[in-house]
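Asks: Can you look at this prediction? I've put the sequence above it.
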Amino acid sequence: MAENAKHLGAKLNALYDTIQGLTPASSDEDFKAFGAFFAEDCTVYLKSMNLHRMPGVTRTGAIEDMKEVLEKVKIEKRELLSSSTTANGLTLFCETKQRINVMGDILDPFFETEIATVNEEGLIKELKVYSCWSPIVRIVQDKTGVGPMAEGERREEWEKMVKGMVQKKMQKLAERAETVCCT
């Protein structure tokens with residue numbers, strides 16, 4: 001069990017090392033290296049958990065979501081504060097403290113809890129990231145004028161953007177459900 005925990009911890013650390021090396025301009029190969037940590041049929045929650053109904057589904061979805069996150073947020077430093085594994089050694093819980101760059105503004109400390117579950121091949125089957133994105137949302141809104149706390153047209157613009165994201169994600173989930181159940 002302890003060996004599994006070490007291996008899983010090393011895998012998650014390697015994933016985050018890879019994430020720290022990514023930028024929106026990274027090559028397709030760099031994003032494929034990120035995607036290689038995940039099972040083809042993974043479910044990934046890289047954003048605030050208030051968007052829990054819109055996970056990245058499949059390895060391609062995880063890559064798309066990472067590209068979207070990187071447009072605004074860059075992890076500059078990640079420190080593991082504590083970790084624990086389940087009895088079967090397939091799920092790791094990590095408490096981390098990060099320094100993140102949000103469109104040029106630094107949030108330090110930024111706390112996050114990560115829960116990673118791997119499949120039998122050692123690929124990440126599910127990754128959940130729990131954190132409060134309120135300070136991130138505030139910075140993005142201050143920089144762009146668009147966000148949940150904006151007023152008037154800027155608020156409407158944000159709501160339209162969110163509705164579009166939800167519709168796009170729901171369509172992808174429906175397509176995946178058709179593929180999974182009907183093949």
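Replies: Yep, it's here.
Asks: Phi first, then psi, for the residue lying farthest from the centre of the chain.
Replies: Relative to the centre of the chain, and counting by Cα atoms, centre = their mean, the farthest-placed residue is G152 at 30.1 Å. In terms of degrees, to the nearest 10, the main-chain angles of G152 are phi 60, psi -140.
Asks: how close does it sit to M54?
Replies: 26 Å (Cβ to Cβ, to the nearest Å). Using the backbone N, CA and C atoms, a C-beta is placed for each residue, glycine as well.
Asks: What is the distance between stretch 85-95 and the centre of its chain?
Replies: Remark: stretch 85-95 is offset 18 Å from the chain centroid, using Cα atoms, centre = their mean, to the nearest Å.
Asks: Just the CA trace of that stretch, in PDB.
Replies: Extracted in PDB, the C-alpha atoms of stretch 85-95 (Å, rounded to 0.1, in the frame of the first residue of the first chain):
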ATOM      1  CA  THR A  85      -4.600   7.600   0.200                       C
ATOM      2  CA  THR A  86      -7.500   5.300   0.300                       C
ATOM      3  CA  ALA A  87      -7.000   1.800   1.600                       C
ATOM      4  CA  ASN A  88      -6.900   0.300  -1.900                       C
ATOM      5  CA  GLY A  89      -4.200   2.800  -2.900                       C
ATOM      6  CA  LEU A  90      -6.000   4.000  -6.000                       C
ATOM      7  CA  THR A  91      -7.100   7.500  -4.700                       C
ATOM      8  CA  LEU A  92      -4.900  10.200  -3.400                       C
ATOM      9  CA  PHE A  93      -6.000  13.300  -1.500                       C
ATOM     10  CA  CYS A  94      -3.600  16.300  -1.400                       C
ATOM     11  CA  GLU A  95      -3.800  19.600   0.300                       C
END
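Asks: Show me the domain layout of the chain.
Replies: The chain is divided into the following domains under automatic domain parsing: 2-133, 145-183.
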